[in-house]
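In: dropping a prediction and its sequence here:
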Amino acid sequence: MEETNLRRRREDEKSIQSNEPKTTSLQKEVGLISGICIIVGTIIGSGIFISPKSVLANTESVGPCLIIWAACGILATLGALCFAELGTMITKSGGEYPYLMEAFGPIPAYLFSWTSLMVMKPSSFAIICLSFSEYVCAAFYSGCNPPKVVVKLLAAAAIMLITTVNALSVRLGSYVQNFFTAAKLVIVAIIIISGLVLLAQGNTKNFQNSFEGVQTSVGAISLAFYNGLWAYDGWNQLNYITEELRNPYRNLPMAIVIGIPLVTVCYILMNVSYFTVMTPTELLQSQAVAVTFGDRVLYPASWVVPLFVAFSTIGAANGTCFTAGRLIYVAGREGHMLKVLSYVSVKRLTPAPALIFYGIIAIIYIIPGDINSLVNYFSFAAWLFYGMTILGLVVMRFTRKDLERPIKVPIVIPILVILISVFLVLAPIISKPAWEYLYCVLFILSGLIFYFLFVHYKFGWAQRISRPVTKHLQLLMEVVPPEKDPE
C-alpha cells in the first residue's frame, strides 16, 4: 500500500517528497473535521484564560487591548496562509523543519529542531499543563493558593497521561482531541453568550473612554503581542502532521481558513465579555480571569467554568503533544536526532519514542515552572524561527521555481509577516534588554556543537555512544526504523 501511495504522489505532484523505500510509516487518519479540531483545539487552550491580564498590563486600557487581540488573530491567519503554501508545496510532516531544510540547508533546520525539541515545544506543553493544574487545584484550595508541589505533580501526571494516549494510537489521539475541542467550545460559548447578554442589558461603562490616557511604548506593544500570540499559538500545528492528513491539498488550507478566523472572533468576544463584568483594574487583580467571570455571572453554577477550562487546557496539551512528536520523528528520520526517535511502533503505528522523549523533556520544564518567564522565552524563540521559515518561502520563490504550488499567496503577505517577526524579535531587546534573550540565542547556537559532533562529522566515539542506546530502546519499545521493512 505504501508503494502505491508513493507512486500516486509522484504522479500527482512535483513537490518534495520523502524518497524512502517501503517502510512502517504514519497513517493518513486525519480528515478535515479533525484538522479543524486540531487547529482550534490547540489554539484555544490555556492562553485565553491566562494572557488577557498580560495583554492588558502592557496596553493599559481596553481599546488597545482589543486591538492587540484582533491584530494577533490577523497575524496568525497571514502566517498560517504562508504555511499553507509551504505545506502543500513540501508535503512532509515536521512543520518548519523540512521547509528550512529545503530553503537554507541542514544547519538552520537542525537548529530549529534542536530549539523546538529542547525549548519551544516542551515549554509550551509544560505551560499548558501547569495552567490546567492551577485551575483544577484552585477548586480544592478555595481562598488560598494551592501548594506548588501539588500543582507541579498534577501537571506531570497530565503530561504522562497525554503522552501515553498519543503513543497508543493516532485515532485515539484524534478522538480525544475532538472531544475536548467540543468541550472547550462549550465554555467559550457560555462566556461569550453571557457577556453579550450583559452588554445588551447596558453594561458598557468599561468601554467608555477606552483609549483615554494611553501611553504605550514600542517594547510594551511587543510584549503585549507576545502574550496575545501565545494565546494564538498552534496556528501552524497542522503542518506538523501533513503526512497524516487525508487530501492535504484541500484539507490543509480549508482547516486554516475555517479554524483561525473562528478562534479570532471567539477571542475578541471573550475579552469583550470579560470587560462587561470587570474593570481593567479588577481584571489585573484577578487570579483567574475566567473563574472570576464565572463567580460573578454564573453563580451558583460557577463551578462549570473551572471544569471546562480544565477540559480546554487538556485539549490544547493533547494537540500540542500530537503534533510536536511528529517534528521529533522527522528530525530523527533525517539523521538530525537520535535515530531511535524516528522509529515507529510496530503494533501502534505511532512515533512512540519521539512522543515519550518529548514528554520527558516537558516534565523537566515543570520543575522550575514559572509561566510568565516561559511564555516570553517561548515567544522570542518561536517568532525568530517563524520569520526565518517564511523568509524561506520568499527565497524559494526564486530558487525553487520548479516546485508545484497548489496554493500561492501574494508575495506581500510573507514580506509583511517577516517584517512583523523582525519587530517582535528585536523590539523587546532594544526597549528593555534582558539576559534571558541572550541566553536564548546562546542556547540556540549551542546546537551547533551537537550538529557537528553527531550529524556533520559523525565522529566515531559519538556514534559508539548513540548506537547501543538506539539498539536497546528498539528492543524495549518494539519499534522499527523507517528505512526498513518491519518484517
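Out: Perfect, thanks for sending it.
In: flag the shaky bits of the stretch 101-250 of the chain, pLDDT-wise.
Out: The stretch 101-250 of the chain contains residues with pLDDT under 70 at 142-143, 213-215, 240-244.
In: where exactly do the strands run in it?
Out: Shown for the stretch 101-250 of the chain, no strands are assigned by DSSP state E, counting those that start in this stretch.
In: can you give me the helices in it?
Out: Taking DSSP state H, counting those that start in this stretch as the test, the helices found in the stretch 101-250 of the chain are 106-115, 121-138, 148-168, 170-200, 218-232, 248-277.
In: most packed of these?
Out: helix 121-138 (a mean of 26; mean count of other C-beta atoms under 10 Å). The C-beta positions use only the backbone N, C-alpha and C, and glycine is treated the same way.
In: got the angle between that one and helix 218-232?
Out: 80 degrees (axes from the mean of the first three to the mean of the last three C-alpha atoms, to 10 degrees).
In: quick one, what contacts residue 225?
Out: 68, 71-72, 75, 424 (C-beta atoms under 8 Å, 6 or more residues apart in numbering).
In: now these as JSON lines including pLDDT and secondary structure?
Out: Converted to JSON lines, the contacts of residue 225 look like this (pLDDT from 0 to 100; DSSP: H, G, I helix; E, B strand; the rest coil):
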{"residue": "68", "pLDDT": "92", "secondary structure": "helix"}
{"residue": "71", "pLDDT": "93", "secondary structure": "helix"}
{"residue": "72", "pLDDT": "92", "secondary structure": "helix"}
{"residue": "75", "pLDDT": "92", "secondary structure": "helix"}
{"residue": "424", "pLDDT": "86", "secondary structure": "helix"}
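In: out of those, who has the most neighbours?
Out: Within those, residue 72 tops the neighbour count with 25 neighbours, counted by other C-beta atoms under 10 Å.
In: wait, it sits on residue 230?
Out: No: contact between residue 72 and residue 230 fails when scored by C-beta atoms under 8 Å: they sit 9.1 Å apart.
In: between these two, what contacts are shared?
Out: Common neighbours of residue 72 and residue 230 (C-beta under 8 Å, 6+ apart) do not exist.
In: quick revisit: want to throw the helices of the stretch 101-250 of the chain into CSV with distance to residue 388?
Out: Shown next, in CSV, are the helices of the stretch 101-250 of the chain (distance: least, C-beta to C-beta, whole Å):
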stretch, distance to residue 388
helix 106-115, 7
helix 121-138, 17
helix 148-168, 28
helix 170-200, 29
helix 218-232, 16
helix 248-277, 20
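In: can you tell which of those is closest to residue 315?
Out: Closest to residue 315 of the helices of the stretch 101-250 of the chain is helix 170-200 (C-beta to C-beta; 2.9 Å).
In: what angle sits between that closest one and helix 148-168?
Out: 130 degrees.
In: other SSEs contacting helix 170-200?
Out: In terms of contacts (3 or more C-beta pairs under 8 Å, 6 or more residues apart in numbering; DSSP states H and E), helix 170-200 is packed against helix 32-43, helix 148-168, helix 248-277, helix 289-297, helix 304-333.
In: repeat that for 6 Å
Out: helix 32-43, helix 148-168, helix 248-277, helix 304-333 (3 or more C-beta pairs under 6 Å, 6 or more residues apart in numbering; DSSP states H and E).
In: just the CA atoms of stretch 113-132, as CSV, please.
Out: Provided in CSV are the C-alpha atoms of stretch 113-132 (Å, rounded to 0.1, in the frame of the first residue of the first chain):
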residue,chain,number,x,y,z
SER,A,113,14.7,21.0,15.6
TRP,A,114,17.2,21.4,18.4
THR,A,115,15.4,24.5,19.8
SER,A,116,12.0,23.1,19.3
LEU,A,117,12.9,19.8,20.9
MET,A,118,14.7,21.4,23.9
VAL,A,119,12.8,24.7,24.4
MET,A,120,9.7,25.7,22.4
LYS,A,121,7.6,22.6,22.2
PRO,A,122,8.2,21.1,25.7
SER,A,123,8.0,24.6,27.3
SER,A,124,4.6,25.1,25.5
PHE,A,125,3.4,21.7,26.7
ALA,A,126,4.6,22.5,30.3
ILE,A,127,2.9,25.9,30.3
ILE,A,128,-0.4,24.4,29.2
CYS,A,129,-0.3,21.5,31.7
LEU,A,130,0.7,23.9,34.5
SER,A,131,-2.3,26.1,33.6
PHE,A,132,-4.5,23.0,33.7
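In: so which of the helices of the stretch 101-250 of the chain comes closest to residue 358?
Out: Using C-beta to C-beta, these put helix 121-138 closest to residue 358, at 6.3 Å.
In: now do the closest one: which elements does it pack against?
Out: Short answer (3+ C-beta pairs under 6 Å, 6+ apart): helix 121-138 packs on helix 148-168, helix 304-333, helix 352-366, helix 371-399.
In: what's the distance between the longest one and the middle of its chain?
Out: It refers to helix 304-333. Distance, stretch centre to chain centre, for helix 304-333: 8 Å (C-alpha atoms, centre = their mean, to the nearest Å).
In: reformat the helices and strands packed on helix 170-200 into a markdown table and put distance to residue 428 next to each item.
Out: Output for the helices and strands packed on helix 170-200, formatted as a markdown table (distance: least, C-beta to C-beta, whole Å):
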| stretch | distance to residue 428 |
| --- | --- |
| helix 32-43 | 23 |
| helix 148-168 | 27 |
| helix 248-277 | 22 |
| helix 304-333 | 24 |
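In: for the ones you listed, which one sits closest to residue 432?
Out: Per C-beta to C-beta, nearest to residue 432 of the helices and strands packed on helix 170-200: helix 248-277, 24.9 Å.
In: now that closest one and helix 32-43, what's the angle there?
Out: Going by the same axes, to 10 degrees, helix 248-277 makes 40 degrees with helix 32-43.
In: wait, doesn't residue 226 sit right on residue 381?
Out: No: look at residue 226 against residue 381 with C-beta atoms under 6 Å: they stay out of range, at 11.3 Å.
In: got the phi and psi for the most centrally placed residue in the chain?
Out: Centroid check for the chain by C-alpha atoms, centre = their mean gives residue 234 as the closest residue, at 3.6 Å. Backbone geometry at residue 234, expressed as degrees, to the nearest 10, gives phi 120, psi -10.
In: so who does the closest residue to it other than its chain neighbours touch?
Out: The shortest distance from residue 234 to any non-neighbouring residue, by C-beta to C-beta, 6 or more residues apart in numbering, is to residue 42 (3.4 Å). Applying C-beta atoms under 6 Å, 6 or more residues apart in numbering, we find residue 42 in contact with 234, 237, 316, 319-320.
In: mind redoing it with 10 Å?
Out: 124, 128, 177, 181, 233-238, 240, 259, 263, 315-323 (C-beta atoms under 10 Å, 6 or more residues apart in numbering).
In: and the nearest residue to residue 378 once chain neighbours are set aside, how close does it get to residue 154?
Out: For residue 378, ignoring the flanking residues on the chain, the nearest one in space by C-beta to C-beta, 6+ apart is residue 123 at 4.9 Å. Distance from residue 123 to residue 154, counting by C-beta to C-beta, to the nearest Å: 18 Å.
In: what's the answer for residue 46, then?
Out: 14 Å.
In: what is in contact with the two at once?
Out: Joint contacts of residue 46 and residue 154 (C-beta under 10 Å, 6+ apart) are 129-130, 132, 134.
In: so which of those residues comes closest to residue 450?
Out: Nearest member of the shared contacts of residue 46 and residue 154 to residue 450, counting by C-beta to C-beta, is residue 129, at 26.9 Å.
In: hmm, that closest one is touching residue 153, no?
Out: No: in this structure, residue 129 is not within contact of residue 153 by C-beta atoms under 10 Å, at 11.0 Å.
In: any residues in contact with both of these two?
Out: Shared contacts of residue 129 and residue 153, counting by C-beta under 10 Å, 6+ apart, come down to residue 366.
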